[in-house]
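Chemist: sequence plus predicted model, see below.
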Amino acid sequence: MPEPLDSSIMSKIRAFQRNEITEHEVYKKLAEMNEKNRKLLEKIANDELKHYKFWHKYTGEDIEPDRWKLIKYILLSRIFGVTFAIKMMEMGEEEAQESYSSLRGVIEGVEGIIDDEIEHERSLISMIKEEKIEYVGSMILGLNDALVELTGALAGLTFALQNTKLTGVVGLITGLAAAMSMASSEYLSRKSEKFDKPGKAATYTGLAYFLTVVILILPYFLLENYYYALFGTLLAGIFAISLFTFFVSVVKELSFKRLFMEMVAISFGIAAISFLIGVIIRAVFGVNV
């Protein structure tokens with residue numbers, strides 16, 4: 001065992017050791033759950049175990065993994081996919097990497113761990129193949145089109161009809177038809193590009209569109225006041241945008257703020273224009289429902 005270190009450094013090392021054994025267990029569980037990427041995930045799990053053993057030389061202690069983190073990341077992988085869970089976990093390591101750097105010159109061999117954490121693991125993670133990630137573009141297409149088209153349509157219908165249930169029914173019919181239309185368009189587009197699985201791309205596009213439709217029209221079936229219903233739809237739109245933007249920003253390592261603001265500006269800009277069109281149409285044609 002190496003020479004004793006002061007208490008503050010030992011405290012850091014114990015934290016590193018626990019983090020490494022936790023990540024080892026996470027990757028090992030993910031490998032058991034994911035046949036397609038099993039060997040790759042087992043490779044990363046073994047690297048994490050190697051790091052754990054490195055720190056064990058300094059503490060001489062057997063440290064248990066963080067059970068809460070283990071459960072959290074396994075649950076995230078079930079809901080959002082393996083890539084999302086792993087990248088969320090790796091995002092939390094940025095501070096740890098800075099702490100590792102503070103031990104340069106104090107702990108012999110720490111440079112190798114830093115290289116593994118920053119370069120080696122990232123290159124391995126980028127090799128993970130997952131269907132959810134392969135079809136992110138199709139999901140973005142479905143979500144974005146539904147937000148822009150349906151939010152705008154509902155805003156226009158809200159003032160033109162001034163009836164929440166009728167607006168909700170018309171919005172649902174319009175949304176379902178548009179979802180099928182978008183799915184078929186995506187299928188034909190991908191097929192013309194000789195994409196490997198155009199049917200799956202179409203399914204992801206249509207499903208994303210349909211789920212967005214359900215989220216957006218729900219306030220019209222729950223509320224009587226059409227202004228409140230429209231406000232509820234706008235809030236639901238913000239929720240859908242923030243949830244999906246967060247997913248994409250994590251798995252694609254993009255700026256959440258830029259993506260979020262861009263989608264909100266487009267969706268709500270179209271909604272505002274459509275609302276004004278609804279006001280004008282009601283006035284010009286004397287629609288009174």
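Modeler: Now that the structure is in, tell me what you want to look at. Numbers count the residues shown, from 1 in each chain.

Chemist: and the residue nearest the centre of the protein?
Modeler: For the chain, the residue nearest the mean C-alpha position is Phe247 (1.2 Å; C-alpha atoms, centre = their mean).

Chemist: settle this for me: that one is touching Thr83, isn't it.
Modeler: No. With contacts counted by C-beta atoms under 8 Å, Phe247 stays clear of Thr83, the gap being 10.0 Å. Where you see a C-beta, it was placed from the backbone N, CA and C, and this is true even at glycine.

Chemist: Ser249: neighbour count?
Modeler: 17 (other C-beta atoms under 10 Å).

Chemist: that one: which element?
Modeler: helix 226-251 (DSSP states H and E).

Chemist: just the mean pLDDT for that helix, thanks.
Modeler: Taken as a whole, helix 226-251 has an average pLDDT of 85.

Chemist: other SSEs contacting it?
Modeler: Counting contacts by 3 or more C-beta pairs under 8 Å, 6 or more residues apart in numbering; DSSP states H and E, helix 226-251 packs against helix 82-91, helix 136-161, helix 164-192, helix 198-222, helix 256-285.

Chemist: and these as CSV, adding distance to Ile9 and mean neighbour count?
Modeler: As requested, those are exported to CSV (distance: least, C-beta to C-beta, whole Å; neighbours: other C-beta atoms under 10 Å):
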stretch, distance to Ile9, mean neighbour count
helix 82-91, 24, 20
helix 136-161, 42, 23
helix 164-192, 55, 18
helix 198-222, 49, 21
helix 256-285, 35, 16
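
Chemist: okay, those helices in CSV with mean pLDDT and distance to Trp68 next?
Modeler: Output for those, formatted as CSV (pLDDT from 0 to 100; distance: least, C-beta to C-beta, whole Å):
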stretch, mean pLDDT, distance to Trp68
helix 82-91, 81, 13
helix 136-161, 77, 29
helix 164-192, 87, 39
helix 198-222, 87, 30
helix 256-285, 77, 24
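
Chemist: domain map for this structure?
Modeler: Domain assignment for the chain by automatic domain parsing gives 7-130, 135-285.

Chemist: check contacts around the residue nearest to Tyr187 when sequence neighbours are not counted.
Modeler: Nearest non-adjacent residue to Tyr187, counting by C-beta to C-beta, 6 or more residues apart in numbering: Ala202, 3.6 Å away. By C-beta atoms under 8 Å, 6 or more residues apart in numbering, Ala202 lies in contact with 138, 183-184, 186-187, 190.

Chemist: about what we covered before: could you check the angle the helix holding Ser249 makes with helix 198-222?
Modeler: Helix 226-251 and helix 198-222 are oriented at 150 degrees to each other (axes from the mean of the first three to the mean of the last three C-alpha atoms, to 10 degrees).

Chemist: give the buried residues for helix 226-251.
Modeler: 226, 229-230, 232-234, 236-238, 240-241, 244-251 (16 or more other C-beta atoms under 10 Å).

Chemist: ok, Tyr228 touching Pro219?
Modeler: Yes. With contact defined as C-beta under 8 Å, Tyr228 counts as touching Pro219 (7.4 Å).

Chemist: can you point out the buried residues in the helix or strand containing Leu41?
Modeler: Assigned by DSSP H and E, Leu41 belongs to helix 38-59. When burial is assessed from 16+ other C-beta under 10 Å, helix 38-59 yields the following buried residues: 40-41, 43-45, 47-49, 51-52, 54-56, 58-59.

Chemist: quick check: buried residues in the very next helix or strand once past that helix?
Modeler: Following helix 38-59 in sequence order, the next helix or strand is helix 67-80 (DSSP H and E). Using 16+ other C-beta under 10 Å as the test for burial, helix 67-80 gives 69-70, 73, 76-77, 80.
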